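> Sequence first, predicted model second:
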Amino acid sequence: MTGYLLRRLAFLVVSLVLASIVLFVLLRMLPGDPANALTSVGASPEQIAAARHSIGSDRPLPEQFTHWIGQLATGDLGTSFVSSLPVGPEVVQRLSVTVPLTLSAFVLAVLIAVPAGFVAAHKRRTWYGALLSGVSQLGIAVPVFWLGMILVVVFALNAGWLPSGGFPQDGWSDPAQAIRSLVLPVVTIALVMSASLIRYVRSATLDVLDSDYLRTSRALGSSFGQAMWRHGLRNASVPVISILGIELASTLLGAVVVESVFALPGLGSLLATGIAQHDYPVIQGVLFVSTLAVLLIGFAADLVQRAIDPRLRGRLSGGAR
């Protein structure tokens, strides 16, 4: 197991380095000059050249990349071209909105999708089982921004129960107000995510319900609940855990849409601002942290799968021998 962990960690580091190279190269290929954000309209070539020199964009690309990697090695995400402030503290501040948003939506989606997916599979021949399957199919087709706007109209503008957007300026110093600001965004993400998860939970449950080991357990006298608890739950959870990791990572990356709809000062809005201003350090910092989070989520999901499924552990032991 130690060898496997070391290999996975090495793979994570290599993936992060390769992602950093691709990110750096693609960012420099985009049209636009970051020096334009520092100069006024109609600036002279000398002023633009001075702005490029001040931010280092006139240096050779290998030198720029080496400088950036050196900063990352020390935990420094660089300094914003526009605000001249360190990117790291700004990213951390924005994560205080994005992380609670993402995790809360993820937990709520799981709480909805797991029982709904199980019922949709176990009662697939009933009207409500078919209804759950149909609703999940419909939910997949609903754009998240459209659902967010519908919820704003219904619960914020018409009912006045919740704020339509924004986040308290003092952050989490007033937890109740901060939570109220996240209710609609969390529900928006959770409903869309749960629609997709219900399909996967239903499919995994159907595989278990049609399995020989479950029928054998029932034939030996176990009740349906006992057979599912002892044999079915673990087998059904293995493929679902992989999907949960993918959904969590995609939700973190896709938070920019929901944050834009609800005007939340999260990581997505910081990325959008950085792109609009061609602020390379901000864009690189946000995407690097996002990439690291995605790799860590995949790593954690893999470990959980191996902890649940002894066949994977046996395959690992066989590979080690």
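Thanks, I have the structure now. Residues are numbered from 1 along each chain as shown.
> CA atoms for contacts and neighbours, from now on please.
Will do.
> And the spatially closest residue to L85 that is not a sequence neighbour, how far from L27?
Leaving aside its chain neighbours, L85 sits nearest to T79 (5.5 Å; criterion: CA to CA, 6 or more residues apart in numbering). Using CA to CA, to the nearest Å, T79 is found at 16 Å from L27.
> Comparing those two, which residue is more hemmed in?
T79 (18 against 15; other CA atoms under 10 Å).
> quick one: contacts for that one?
Contacts for T79 were tallied using CA atoms under 8 Å, 6 or more residues apart in numbering; they are 85-87, 281-282.
> Report the mean per-residue pLDDT for stretch 287-302.
Taken as a whole, stretch 287-302 has a mean pLDDT of 87.
> Quick check: buried residues in the host helix or strand of I48?
Using DSSP states H and E, the element containing I48 is helix 45-55. Of all the residues in helix 45-55, those buried under the rule 16 or more other CA atoms under 10 Å are 47-48, 50-52, 55.
> Distance from it to the middle of the chain?
Chain-centre distance of helix 45-55: 37 Å, with CA atoms, centre = their mean, to the nearest Å.
> Just the residues contacting it, thanks.
Counting by CA under 8 Å, 6+ apart, 34-36, 38-39, 58-59, 81 sit against helix 45-55.
> Return the member of these nearest to W146.
The shortest gap between W146 and any of these belongs to P34, at 33.0 Å (CA to CA).
> Thought D279 was touching that closest one, still the case?
Yes: P34 is within contact range of D279, at 6.2 Å (criterion: CA atoms under 8 Å).
> Quick check: neighbours shared by these two?
By CA under 8 Å, 6+ apart, the residues touching both P34 and D279 are F81.
> Buried residues, the helix or strand where A301 lies. List them.
Using DSSP H and E, the element containing A301 is helix 280-308. The neighbour-count check on helix 280-308 (16+ other CA under 10 Å) flags 280-299, 301-302, 305-306 as buried.
> do stretch 260-276 as well
260-272, 274.
> average model confidence for that stretch?
For stretch 260-276, the per-residue pLDDT averages 87.
> now what about that stretch, what contacts it?
Contacts with stretch 260-276, where a contact means CA under 8 Å, 6+ apart, come from 91, 94-98, 145, 148-149, 164-167, 185, 253-257, 259, 280, 282-283, 286-287.
> go again using 6 Å as the cut-off
94, 97-98, 165-167, 255-256, 282-283 (CA atoms under 6 Å, 6 or more residues apart in numbering).
> again with stretch 287-304
In contact with stretch 287-304 (CA under 6 Å, 6+ apart) are residues 245, 249.
> that older thread, format the buried residues of helix 45-55 as a markdown table; extra columns: pLDDT and distance to L138.
Below are the buried residues of helix 45-55 laid out as a markdown table (pLDDT from 0 to 100; distance: CA to CA, whole Å):
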| residue | pLDDT | distance to L138 |
| --- | --- | --- |
| Q47 | 78 | 55 |
| I48 | 78 | 52 |
| A50 | 84 | 55 |
| A51 | 80 | 51 |
| R52 | 80 | 50 |
| I55 | 79 | 49 |
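> Do you have the helices of the stretch 51-200 of the chain handy? List them.
With DSSP state H, counting those that start in this stretch as the criterion, the stretch 51-200 of the chain has helices at 61-73, 87-122, 127-141, 144-151, 175-209.
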